[in-house]
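Colleague: Provided below for reference: sequence and predicted model.
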Amino acid sequence: MKLMVVGGGGREHAIIKKLKENPAIDTIYALPGNGGIAADAVCVGIAATDISGIVDFAVENGIDYAVVAPDDPLVLGCVDRLEEKGIPCFGPKANAAIIEGSKIFSKDLMKKYGIPTASYQTFNDMQSALEYLETADMPIVIKADGLALGKGVIIAENRDDAKQAVISMMQDKQFGKSGENIVIEEFLTGPEVSVLSFTDGKTVVPMISSMDHKRAGDNDTGLNTGGMGTVAPNPYYTKEIADRCMKEIFIPTIDAMNREGRTFKGCLYFGLMITAKGPKVIEYNCRFGDPETQVVLPLLESDLYTVMRAVTDGKLAECDVRFSDKHAACVIMASKGYPVHYEKGYPITIPDTVADSVYVAGAALKDGQLVTSGGRVLGVTAVDNTLKSALDMAYEKVRKITFENAYYRRDIGQRALKAEV
Ligand code: AMP
Ligand code: GLY
C-alpha cells in the first residue's frame with residue numbers, strides 16, 4: 001500500500017512513524033517532509049499549499065490513502081480535490097475545516113448551539129472595534145478571523161494595547177487578509193487542556209489529553225511560539241471534566257457541524273480552558289496539534305492506519321481505539337532566538353540510541369548531513385510509567401543531541417507535576 005502524508009513538521013514525523021508500524025504499508029511519501037523525515041519516508045519537494053501539485057502527484061503515483069495534516073491545505077480544500085480523484089483521505093473537507101479557518105464562524109457556531117466559550121463580539125470595521133474597546137473590561141483578547149500561523153491572538157492587558165492590536169490587524173494588516181475581520185472576546189482564566197479527537201461525523205473518540213507549553217521561556221515567560229513542549233495525559237483533565245466535555249462540548253460540536261451541513265471527519269482538536277464555571281472552548285483546530293501529536297500518538301496502542309481508515313469509512317464506532325495508561329513528555333529543541341530571529345544551517349548530531357524518539361520539525365539534508373533549517377528544530381519524546389520519569393528520560397535524550405545555538409525550555413511538565421499531587 002502507498003500512503004501520502006501532506007506536511008513537513010514534527011507532527012507529520014510523528015504521524016509517519018506511527019503509520020509505519022503497520023506492515024501492510026510499503027511506502028510513505030511526505031509532501032514536502034523535511035531532512036529528518038527523510039529517514040522514515042520518501043520526501044517529495046511539493047509544498048503543502050500546492051494543492052494542484054499534491055493532487056497530480058497522488059494520481060500519477062497511485063496513492064492508496066492520503067493524510068492531510070496541516071491547517072492550510074485542509075482549509076484550501078486539499079481533501080475535496082483528492083476525493084474528487086477517488087483518493088480516500090484522512091482530514092476534513094474545506095466546508096468543515098472552516099471551524100479553524102474562521103474564528104468568526106466557530107464563535108458563531110458555538111453561540112448558536114450553546115457550546116461554552118468566551119463571550120465575544122465580531123467586527124469588520126476598525127472604528128466600531130475601537131469604540132467598543134472604550135468601555136470593555138480589561139484584559140481582553142483580540143483575534144484575527146483567519147489563519148495566522150498561530151500568531152493571530154493578542155491578549156491585551158490595557159485599553160491602549162488593545163487598541164494598538166486592533167489597529168495593527170485591521171489597518172496595518174499585520175496578518176494580511178486574516179485580520180480584515182476580528183473577534184474581540186472575554187479574557188478567561190484557568191488551566192488549558194488540549195484534547196485531540198478522532199471523529200467520522202457520527203462518533204467522537206477523544207484521544208489522551210495533553211498540555212502544551214506555548215511561551216518561549218521558562219515559567220511561561222517570553223513570546224508565544226508554536227509550542228515548546230508537551231506532556232500527556234494532562235492532570236487537569238479529570239474524569240469528571242472529561243465527562244462534562246463529552247456532553248457539553250464534543251458531541252454538541254459534532255452535531256452542530258452536521259446540522260450546518262458541514263460534517264467533520266478527521267482529527268478535531270479542542271483547545272479548552274477549565275474555568276471556575278466549567279470547561280470552555282478557547283479554539284478549535286481542524287487537525288492534529290503540534291507538538292501535542294508528538295506525545296499523544298506514542299501512547300496510542302491501536303494501529304493508526306486502521307483508526308484513520310475507520311474515520312474515512314464512517315466506521316469509527318466499530319473501531320477499537322486504545323491508549324496506554326503511561327505518560328509521555330516531549331521537549332522541543334529550537335534555534336536560539338526563536339520565534340524572532342535565529343541562524344540556520346548548523347549540523348545536528350543525533351545518536352542512533354535516541355533516533356527513534358526524535359521528531360524532526362525544521363532540519364534539512366545538506367550533502368547527507370542533517371542541518372538546522374527552522375526555529376523549532378526537533379522534538380524529543382519519552383514514554384514511561386510516571387510523568388516524572390518520562391520527563392527525566394526526555395531531558396536525558398535531549399542532552400545527547402547537539403547542534404550549535406540549541407535552545408530548549410528546562411521546565412516542561414513542571415506545572416503538570418505540581419498539579420498531579
Ligand atoms: P489560540 O491561537 O486560539 O490557541 O490562542 C493562543 C492562546 O491565547 C491560547 O492558548 C490561550 O492561552 C490564549 N487565549 C486565547 N483566547 C483566550 C481567552 N479568551 N482568554 C484567555 N486566554 C486566551
Ligand atoms: N499546539 C497548538 C496547535 O497545534 O495549534
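Modeller: That came in fine, so what should we check first? Ligands and ions are numbered 1, 2, ... in the order given.
Colleague: measure the closest residue to Pro116 other than its chain neighbours to Tyr269 for me?
Modeller: Spatial nearest neighbour of Pro116, excluding adjacent residues (CB to CB, 6 or more residues apart in numbering): Lys280 at 4.5 Å. For glycine as for every other residue, the C-beta is placed from the backbone atoms N, C-alpha and C. According to CB to CB, to the nearest Å, Lys280 stands 15 Å off from Tyr269.
Colleague: re the thing from before, what pLDDT is listed against the residue nearest to Pro116?
Modeller: On pLDDT, Lys280 comes in at 98.
Colleague: Make sure it is indeed in a strand.
Modeller: Yes: when DSSP: H, G, I helix; E, B strand; the rest coil is applied, Lys280 is found to be in a strand.
Colleague: So it sits against Met273, correct?
Modeller: Yes: with contact defined as CB atoms under 8 Å, Lys280 counts as touching Met273 (5.4 Å).
Colleague: Which neighbours do these two have in common?
Modeller: Shared contacts of Lys280 and Met273 (CB atoms under 8 Å, 6 or more residues apart in numbering): Leu188.
Colleague: hmm, back to that, contact partners for the residue nearest to Pro116?
Modeller: 116-118, 188, 272-273.
Colleague: Those residues in helices, which ones?
Modeller: Among these, no member falls in helices (DSSP state H).
Colleague: Counting neighbours, which of the residues you listed comes out on top?
Modeller: With neighbours defined as other CB atoms under 10 Å, the most crowded of the contacts of Lys280 is Leu272; it has 26 neighbours.
Colleague: what sits up against the helix or strand hosting Phe57?
Modeller: Per DSSP states H and E: Phe57 is located in helix 51-60. With CB under 8 Å, 6+ apart as the test, helix 51-60 has contacts from 4, 6, 29, 31, 44, 46-48, 63, 66, 73, 76-78, 81-82, 85, 87.
Colleague: For this structure, spot the helix or strand the model is least confident about on average.
Modeller: strand 221-224 (a mean of 90; mean pLDDT, DSSP states H and E).
Colleague: tell me which of the contacts of Lys280 is nearest to ligand 2?
Modeller: Leu272 (12.2 Å; CB to the nearest ligand atom).
Colleague: element containing the closest residue to that closest one other than its chain neighbours?
Modeller: Nearest non-adjacent residue to Leu272, counting by CB to CB, 6+ apart: Val193, 4.7 Å away. Here Val193, judged by DSSP H and E, is contained in strand 192-199.
Colleague: So is that strand next to ligand 2?
Modeller: No: remark: strand 192-199 sits outside contact range of ligand 2, by CB under 6 Å from any ligand atom, the gap being at least 6.6 Å.
Colleague: Just the mean pLDDT for that strand, thanks.
Modeller: Rounded mean pLDDT across strand 192-199 is 98.
Colleague: outside of whichever helix or strand comes after it, which residues touch it?
Modeller: Counting by DSSP H and E, the element after strand 192-199 in chain order, helix or strand, is strand 204-206. The list of residues contacting strand 204-206 from outside it, by CB under 8 Å, 6+ apart, reads 195-199, 242, 245-246, 250-251, 254, 268, 316, 319, 321.
Colleague: Of the residues you listed, keep whichever come out buried.
Modeller: By neighbour count, with 16 or more other CB atoms under 10 Å, the contacts of strand 204-206 hold 195-199, 242, 245, 250, 254, 268, 316, 319, 321 as buried.
Colleague: To which secondary structure element is the residue in the stretch 251-400 of the chain positioned nearest to ligand 2 assigned?
Modeller: The nearest approach of the stretch 251-400 of the chain to ligand 2 comes at Gly289, 3.4 Å away (CB to the nearest ligand atom). When secondary structure is defined by DSSP H and E, Gly289 falls outside every helix and strand.
Colleague: Can you tell me which residue is spatially central in this structure?
Modeller: Nearest to the mean C-alpha position of the chain, counting by CA atoms, centre = their mean, stands Gly289 at 1.8 Å.
Colleague: Any buried residues in stretch 407-415, and which?
Modeller: Across stretch 407-415, burial judged by 16+ other CB under 10 Å covers 407-409, 412-413, 415.
Colleague: Next, format these as CSV and append distance to Asn95.
Modeller: Shown next, in CSV, are the buried residues of stretch 407-415 (distance: CB to CB, whole Å):
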residue, distance to Asn95
Tyr407, 40
Tyr408, 39
Arg409, 38
Ile412, 37
Gly413, 38
Arg415, 38
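Colleague: Just the ones in strands from those residues, please.
Modeller: Secondary structure defined by DSSP state E assigns Tyr407 of those to strands.
Colleague: Taking the buried residues of stretch 407-415, tell me the two that lie furthest apart.
Modeller: Largest separation among these by CB to CB: Tyr407 and Arg415, giving 19.7 Å.
Colleague: thought Asp218 was touching Tyr408?
Modeller: No: the criterion here is CB under 8 Å, and Asp218 misses it with Tyr408 at 9.9 Å.
Colleague: near ligand 2, which residues of the stretch 201-350 of the chain?
Modeller: So the stretch 201-350 of the chain meets ligand 2 at 212, 227, 285, 289-290, 292 (CB under 6 Å from any ligand atom).
Colleague: Can you tell me which of these lies closest to Asn124?
Modeller: Distances from Asn124 to these, taken by CB to CB, are shortest for Asn285, at 23.8 Å.
Colleague: For ligand 1, see how far away the closest one is.
Modeller: Distance, Asn285 to ligand 1, using CB to the nearest ligand atom, to the nearest Å: 8 Å.
Colleague: Nearest residue to that residue in space, please, no chain neighbours.
Modeller: Of all residues not flanking Asn285 in the chain, Tyr269 sits nearest, at 3.7 Å (CB to CB, 6+ apart).
Colleague: and the one you found, what pLDDT?
Modeller: Among the per-residue scores, Tyr269 shows a pLDDT of 98.
Colleague: go on, the one 4 residues further on?
Modeller: The confidence metric pLDDT takes the value 98 at Met273.
Colleague: Surely it touches Glu283?
Modeller: No: in this structure Met273 lies outside contact range of Glu283 using CB under 8 Å: 9.8 Å.
Colleague: In the chain, where is pLDDT below threshold?
Modeller: Scanning the chain for pLDDT under 70 picks out the ranges 421.
Colleague: mind listing the helices for it?
Modeller: 10-19, 51-60, 71-75, 78-84, 94-101, 103-112, 126-135, 159-170, 239-245, 251-259, 293-296, 304-312, 387-398, 414-420.
Colleague: export the third one as CSV, just CAs?
Modeller: In CSV, the C-alpha atoms belonging to helix 71-75 read as follows (Å, rounded to 0.1, in the frame of the first residue of the first chain):
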residue,chain,number,x,y,z
ASP,A,71,-4.4,23.6,8.5
ASP,A,72,-3.7,25.5,5.3
PRO,A,73,-4.2,22.6,2.8
LEU,A,74,-7.3,21.5,4.7
VAL,A,75,-8.8,25.0,4.6
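Colleague: All set, thanks.
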